[in-house]
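Colleague: let me see the structure of the following:
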Amino acid sequence: MKLIRFGEPGKEEIGVHIDGKNYDVSAFGGDFNEDFFADTGLERLEEFVKANEGKLIEVPAGTRIGAPFARPSKIVCIGLNYKDHAEETGAKIPAEPIIFMKSTTALVGPNDQVMIPRNSEKTDWEVEFCIVIGKKASYVEESEALDYVAGYVLHNDVSEREFQIERGGTWDKGKGCDTFAPMGPYMTTADEIPDINNVKLWLKVNGKTYQDGNTSNLIFSVPFVVSYVSQFMTLLPGDVISTGTPAGVGLGFNPPIYLQPGDIVELGADYLGEQRQEVIAFQKS
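Modeller: Down below sits the predicted model:
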């Protein structure tokens, strides 16, 4: 299945994406949140969709698509997990996964605007393949890690490089700004991706391709990452792990290239759909 949420921010309804069309399943009840994933929600939803085949109402064209799940308890990110990306930034290949956190308030829909933060001059892009956790995970063995995965989602890990690298402390400063975590358009359940080690990812800015990668080049694999992160924190149903970005980020160019108001960012991945964001200047809410 492919899970979607649609409607105005904060008022999203739940739906499914079937054969290129979005359908309303709000009659199923609830939201795609921790309780849903923990309480056999995927199995129950699949039964609901089958029982209502041919009866589901299509979501009207032009309806906003939100993130495909409610705000999770945490968004965990893995840094420098593609060799080519580590090399382009001048960093050493990590001996163990680099973990940082992305504020959950950064979560937005796949086509929502990305806002450059106040005082930012180095806002950058990163296409990423994300894991969505399906059940509580703590001290998980790598051999069993995929049993804890509900599905996968596309993520633009928008990053402010000055905040991240030049302001001291952890990377989190440059990762959690508002609108810095567009996810979706849908969460694809694990059974629909035949080989998670061969998923193509790409990203364009203003029509020019900057990133063209594949999960086959991950330094640390999906099951290793799930197991590794679970050694340091309990992962709850609905939590997200973003597995890192391939080469081609703005920071890696000489001179670096950073996003400006009016830029259009487009990105996609096999099985996970596509996103499109307009970049806007800072606006105080």
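
Colleague: residue contacts, residue 26?
Modeller: Contact analysis of residue 26 by Cβ atoms under 8 Å, 6 or more residues apart in numbering lists 13, 14, 15. In this view, the C-beta of every residue, glycine as well, is placed from N, C-alpha and C.

Colleague: pick the one among the residues you listed closest to residue 48.
Modeller: The nearest member of these to residue 48, counting by Cβ to Cβ, is residue 14 at 10.6 Å.

Colleague: I'd say that closest one and residue 5 touch.
Modeller: Yes: between residue 14 and residue 5 there is a contact under Cβ atoms under 8 Å: 5.7 Å.

Colleague: list residues touching both of these two?
Modeller: 31, 32.

Colleague: angles on the backbone of residue 36, please.
Modeller: Dihedral angles of residue 36 (phi, psi; degrees, to the nearest 10) stand at phi -60, psi -50.

Colleague: so it touches residue 28, yeah?
Modeller: No: counting by Cβ under 8 Å, residue 28 is not a contact partner of residue 36; they are 9.4 Å apart.

Colleague: those two - which one has more neighbours?
Modeller: residue 36 (23 against 18; other Cβ atoms under 10 Å).

Colleague: dump the residue contacts of residue 222.
Modeller: 131, 145, 146, 149, 196, 197, 215, 243.

Colleague: if you set the cut-off to 7 Å instead, what comes out?
Modeller: 131, 196, 243 (Cβ atoms under 7 Å, 6 or more residues apart in numbering).

Colleague: residue 192 too?
Modeller: residue 271.

Colleague: tell me how far it lies from residue 42.
Modeller: For residue 192, the distance to residue 42 (Cβ to Cβ, to the nearest Å) stands at 12 Å.

Colleague: then residue 57?
Modeller: Taking Cβ to Cβ, one finds residue 57 at 21 Å from residue 42.

Colleague: looking at the two, which one has more neighbours?
Modeller: More crowded of residue 57 and residue 42, by other Cβ under 10 Å: residue 42, with 20 against 12.

Colleague: how about the secondary structure of the more buried one?
Modeller: helix (DSSP: H, G, I helix; E, B strand; the rest coil).

Colleague: need the contact list for it.
Modeller: Residue 42 touches 150, 189, counting by Cβ under 7 Å, 6+ apart.

Colleague: just the pLDDT for it.
Modeller: At residue 42, the predicted lDDT confidence score is 98.

Colleague: what do you get for residue 145?
Modeller: On pLDDT, residue 145 comes in at 98.

Colleague: is it correct that it falls within a helix?
Modeller: Yes: membership of residue 145 in a helix is supported by three-state DSSP.

Colleague: and it, what does it touch?
Modeller: Taking Cβ under 7 Å, 6+ apart, one finds 223, 226, 227 in contact with residue 145.

Colleague: got a ChimeraX select line for the buried ones in the contacts of residue 26?
Modeller: Only the buried entries of the contacts of residue 26 go into this ChimeraX selection, using 16 or more other Cβ atoms under 10 Å:
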select :13,14,15
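
Colleague: save the contacts of residue 26 as TSV, and put in secondary structure too.
Modeller: Formatted as TSV, the contacts of residue 26 follow (three-state DSSP):
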residue	secondary structure
13	strand
14	strand
15	strand
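
Colleague: what's the closest of the contacts of residue 26 to residue 95?
Modeller: residue 14 (41.4 Å).

Colleague: next one, pLDDT for the closest one please.
Modeller: In this model, residue 14 carries a pLDDT of 98.

Colleague: gap between it and residue 101?
Modeller: Residue 14 sits 26 Å away from residue 101, going by Cβ to Cβ.

Colleague: tell me if I'm right that residue 72 and residue 239 touch.
Modeller: Yes: in this structure residue 72 lies within contact range of residue 239 using Cβ atoms under 7 Å: 5.0 Å.

Colleague: tell me which of those two has more neighbours.
Modeller: residue 239 (26 against 22).
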